[in-house]
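[1] fold the following for me, if possible:
(one chain, ligands or ions: 2)
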Amino acid sequence: MHSKVRVLTCGLAVLFGALPLLAQSDLDQRVGKEMDSLVATYKHLHENPELSTQEKESSAIVAAELRKLGYDVTDHFGQYDSPSLISYGIVGVLRNGPGPTVYVRTDMDALPIVENTGLPYASHVKVKRADGAEVGVMHACGHDIHMSVFIGTARMLAQLKNQWSGTLILIGQPAEEMVSGARAMLRAGLFTKFPKPDYVLALHDGSNFPAGQVGWHEGTVLAGGDSVDITVRGYGGHGAAPQAAKDPIVIASEIVVALQTIVSREMDPQLPTVVTVGSFHAGTKHNIIPDEAHLQLTVRTMNPAQREKVLAAITRIANGIAAAAGVPAERAPVIEIATDYVPATINNPELTRRVAGALERALGKDNVLPSEPAMASEDFSLYALQDPKPPICMLSLGAADPAKFHAAKEKGMRLPGPHSSEFAPVPEPTIRTGVKAMTSAVLDLLKK
Ligand SMILES: [Zn+2]
Ligand SMILES: [Zn+2]
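    Ligands and ions are numbered 1, 2, ... in the order given. The predicted structure is shown next:
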């Protein structure tokens with residue numbers, strides 16, 4: 001009896017083990033059939049980049065693709081702070097029976113960079129900025145790769161509707177580079193006008209991995225970013241009569257130096273923190289002590305408690321040094337923390353482990369690797385903070401030419417990555433891997 005049960009169990013195990021493999025080769029074939037069209041779309045998007053808040057044509061391409069596939073599409077979704085700006089956000093909904101709701105996000109905007117890749121499909125786009133200056137435009141962050149993977153994923157999940165149950169919501173987000181697009185879509189009611197998310201997924205390409213591989217990281221994967229303005233107020237006067245003034249340049253200089261002790265003396269060395277003073281402006285002439293000095297800081301932190309601690313230290317140091325110099329309380333520094341800060345992107349550990357498992361089955365264990373967090377910031381983080389505060393996961397998609405990647409690694413060099421004028425993702429197999437990864441992740445989260 002026992003042995004019979006065991007035999008039966010083993011048989012079932014083989015049978016169940018075989019099913020995902022069959023499904024896998026089916027997915028491989030389906031993705032393969034779409035590759036020519038996806039690479040063509042990618043090259044078109046790459047050659048025709050649009051700056052943040054200007055994603056008119058790119059969003060139209062994405063929206064048209066989703067409509068063709070039967071998604072219920074809302075376009076021009078989102079509301080920026082500035083009422084004169086149009087949001088080109090897209091929400092595509094595919095309802096497919098009972099089950100959880102999974103959101104997949106792509107960004108769509110490019111950067112003001114003159115492309116220097118020499119690729120046959122390089123961008124030659126130039127636009128005039130509001131101040132009249134001409135700037136080059138380039139998909140230097142690879143959001144064109146993200147859109148192509150997104151379209152491929154939309155096609156796969158529409159074709160494979162019999163393999164999943166639930167609601168799929170695909171969002172095309174504008175203005176990531178200005179970190180205002182996610183806020184615009186959430187403000188317009190993304191999670192109230194559409195089904196509430198149970199999970200939110202995204203990926204970002206880069207040169208940290210060769211094309212064909214995907215990286216994952218539990219917990220904080222990208223830092224939070226704050227901009228802080230400090231106006232140091234003293235009392236101006238003649239440069240030859242410092243005794244009659246309170247010199248804001250000297251006070252601000254002491255503040256700049258003291259701010260360095262936040263990272264070196266106050267923060268846990270195990271937890272990355274950045275406090276950079278990127279701008280220091282004061283005065284007009286040699287012999288005048290000005291009334292004010294202005295500092296501009298960027299702050300990067302890995303979690304909300306750390307952020308509070310750093311911002312409190314900046315405030316304490318600025319106020320304390322001004323007081324020590326004899327500046328009265330009514331002339332204390334004015335410290336302004338910008339309201340459009342981006343919190344750290346924190347990948348939900350449970351979701352990330354589950355997705356990594358699905359990816360290992362889809363791509364093979366050797367192609368799914370732990371990745372390192374970075375101090376850059378992303379507004380993808382905001383989706384995790386809006387009610388119902390869904391678990392989020394952003395994957396790292398390898399986009400580097402594998403031969404160049406290994407050659408650079410041997411020399412101890414790194415290939416140009418996002419925001420470089422020379423960042424050149426290889427469309428194949430980057431897009432193929434991205435589509436397989438994202439499709440497999442969603443199929444796992446919405447499995448019947
Ligand atoms: Zn970027
Ligand atoms: Zn980006």
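
[2] helices and strands around the longest strand along the chain, which ones?
    Of all the segments of type strand in the chain, defined by DSSP state E, the longest one is strand 199-210. Applying 3 or more Cβ pairs under 8 Å, 6 or more residues apart in numbering; DSSP states H and E, one finds that strand 199-210 contacts strand 101-107, helix 143-159, strand 214-216, strand 392-400, helix 402-410, helix 427-445. For the C-beta atoms, the positions are set from N, CA and C on the backbone; glycine is no exception.

[3] can I get these in a markdown table with mean pLDDT and mean neighbour count?
    Output for the helices and strands packed on strand 199-210, formatted as a markdown table (pLDDT from 0 to 100; neighbours: other Cβ atoms under 10 Å):
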| stretch | mean pLDDT | mean neighbour count |
| --- | --- | --- |
| strand 101-107 | 98 | 24 |
| helix 143-159 | 98 | 25 |
| strand 214-216 | 98 | 24 |
| strand 392-400 | 98 | 26 |
| helix 402-410 | 95 | 14 |
| helix 427-445 | 98 | 24 |
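
[4] with residue 365 as the reference, name the closest of those.
    With Cβ to Cβ, the closest approach to residue 365 among those belongs to strand 214-216: 11.5 Å.

[5] adjacent strands (with direction) for that closest one?
    Within its sheet, strand 214-216 is paired with strand 368-370 (parallel), strand 392-400 (antiparallel), according to DSSP bridges.

[6] reformat the ones you listed as JSON lines; add distance to residue 262.
    Formatted as JSON lines, those follow (distance: least, Cβ to Cβ, whole Å):
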{"stretch": "strand 368-370", "distance to residue 262": "29"}
{"stretch": "strand 392-400", "distance to residue 262": "28"}
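
[7] so which of those comes closest to residue 165?
    Using Cβ to Cβ, the strands paired with strand 214-216 put strand 392-400 closest to residue 165, at 20.6 Å.

[8] that closest one: how far from the chain's middle?
    Counting by Cα atoms, centre = their mean, to the nearest Å, strand 392-400 is centred 10 Å from the centre of its parent chain.

[9] picking that back up, and of the strands paired with strand 214-216, who's closest to residue 258?
    strand 392-400 (35.3 Å).

[10] if we can go back for a sec, and the helices and strands packed on strand 199-210 as a markdown table, adding distance to residue 344?
    Below are the helices and strands packed on strand 199-210 laid out as a markdown table (distance: least, Cβ to Cβ, whole Å):
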| stretch | distance to residue 344 |
| --- | --- |
| strand 101-107 | 17 |
| helix 143-159 | 20 |
| strand 214-216 | 17 |
| strand 392-400 | 11 |
| helix 402-410 | 28 |
| helix 427-445 | 22 |
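
[11] who wins for proximity to residue 68 among those?
    helix 143-159 (9.2 Å).

[12] now do the closest one against helix 427-445, angle only.
    If you take axes from the mean of the first three to the mean of the last three Cα atoms, to 10 degrees, helix 143-159 sits at 50 degrees to helix 427-445.

[13] what's helix 143-159 packed up against?
    helix 2-47, helix 56-68, strand 89-96, strand 101-107, strand 166-173, strand 199-210, strand 392-400, helix 427-445.

[14] mean confidence (pLDDT) on the longest one, please.
    Spelled out, it's helix 2-47. On average, the pLDDT along helix 2-47 is 73.

[15] for the second one, same thing?
    Averaged across helix 56-68, the pLDDT comes to 98.

[16] what's the answer for the fifth one, then?
    In this model, strand 166-173 has an average pLDDT of 98.

[17] packing partners for it?
    helix 56-68, strand 89-96, strand 101-107, helix 143-159, helix 181-187.

[18] of all the strands paired with strand 214-216, which one comes closest to residue 96?
    Closest among the strands paired with strand 214-216, once you apply Cβ to Cβ, is strand 392-400, at 21.2 Å.

[19] quick one: work out the angle between that closest one and strand 199-210.
    Using the same axes, to 10 degrees: strand 392-400 against strand 199-210 is 20 degrees.

[20] now the strands for the stretch 251-400 of the chain?
    Applying DSSP state E, counting those that start in this stretch to the stretch 251-400 of the chain gives strands spanning 274-282, 288-289, 292-301, 334-337, 345-347, 368-370, 392-400.

[21] export the helices and strands packed on helix 143-159 as a markdown table, with columns for distance to residue 271.
    Listed next are the helices and strands packed on helix 143-159 as a markdown table, based on distance: least, Cβ to Cβ, whole Å:
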| stretch | distance to residue 271 |
| --- | --- |
| helix 2-47 | 37 |
| helix 56-68 | 37 |
| strand 89-96 | 34 |
| strand 101-107 | 27 |
| strand 166-173 | 29 |
| strand 199-210 | 21 |
| strand 392-400 | 20 |
| helix 427-445 | 29 |
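
[22] count of residues packed around the nearest residue to residue 182 once chain neighbours are set aside?
    Nearest non-adjacent residue to residue 182, counting by Cβ to Cβ, 6 or more residues apart in numbering: residue 379, 3.9 Å away. Neighbourhood size, residue 379 [other Cβ atoms under 10 Å]: 26.

[23] was I right to think residue 379 contacts residue 183?
    Yes. With contact defined as Cβ atoms under 8 Å, residue 379 reaches residue 183; the gap is 6.7 Å.

[24] quick check: the spatially closest residue to residue 150 that is not a sequence neighbour vs residue 61, distance?
    Leaving aside its sequence neighbours, residue 150 sits nearest to residue 106 (Cβ to Cβ, 6+ apart; 3.8 Å). Relative to residue 61, residue 106 is positioned 12 Å away (criterion: Cβ to Cβ, to the nearest Å).

[25] mutual contacts of these two, please.
    The contact sets of residue 106 and residue 61 overlap at residue 147 (Cβ atoms under 8 Å, 6 or more residues apart in numbering).

[26] can you give me the helices for the stretch 251-400 of the chain?
    Under the criterion DSSP state H, counting those that start in this stretch, the stretch 251-400 of the chain contains helices at 304-324, 349-363.

[27] got the buried residues for the last one?
    Neighbour-count burial for helix 349-363, counted by 16 or more other Cβ atoms under 10 Å, picks out 351-352, 354-356, 358-360, 362-363.

[28] relative to helix 427-445, how tilted is it?
    Per the same axes, to 10 degrees, the angle that helix 349-363 makes with helix 427-445 is 120 degrees.

[29] what residues does helix 349-363 touch?
    With Cβ under 8 Å, 6+ apart as the test, helix 349-363 has contacts from 20, 24, 27, 199, 201, 212-214, 216-219, 368, 391-393, 395, 433, 436-437, 439-441, 443-445.

[30] which residues touch residue 395?
    Here residue 395 is in contact with 201-204, 214-216, 355, 359, 437-438, 441 (Cβ under 8 Å, 6+ apart).

[31] state the distance from it to residue 201.
    8 Å.

[32] shared neighbours, those two?
    355, 438, 441.

[33] contacting residues for the last one?
    Taking Cβ under 8 Å, 6+ apart as the contact definition, residue 441 lies against 201, 355, 358-359, 393, 395.

[34] one more time with 6 Å
    When contacts are counted by Cβ atoms under 6 Å, 6 or more residues apart in numbering, residue 441 touches 201, 355, 358.
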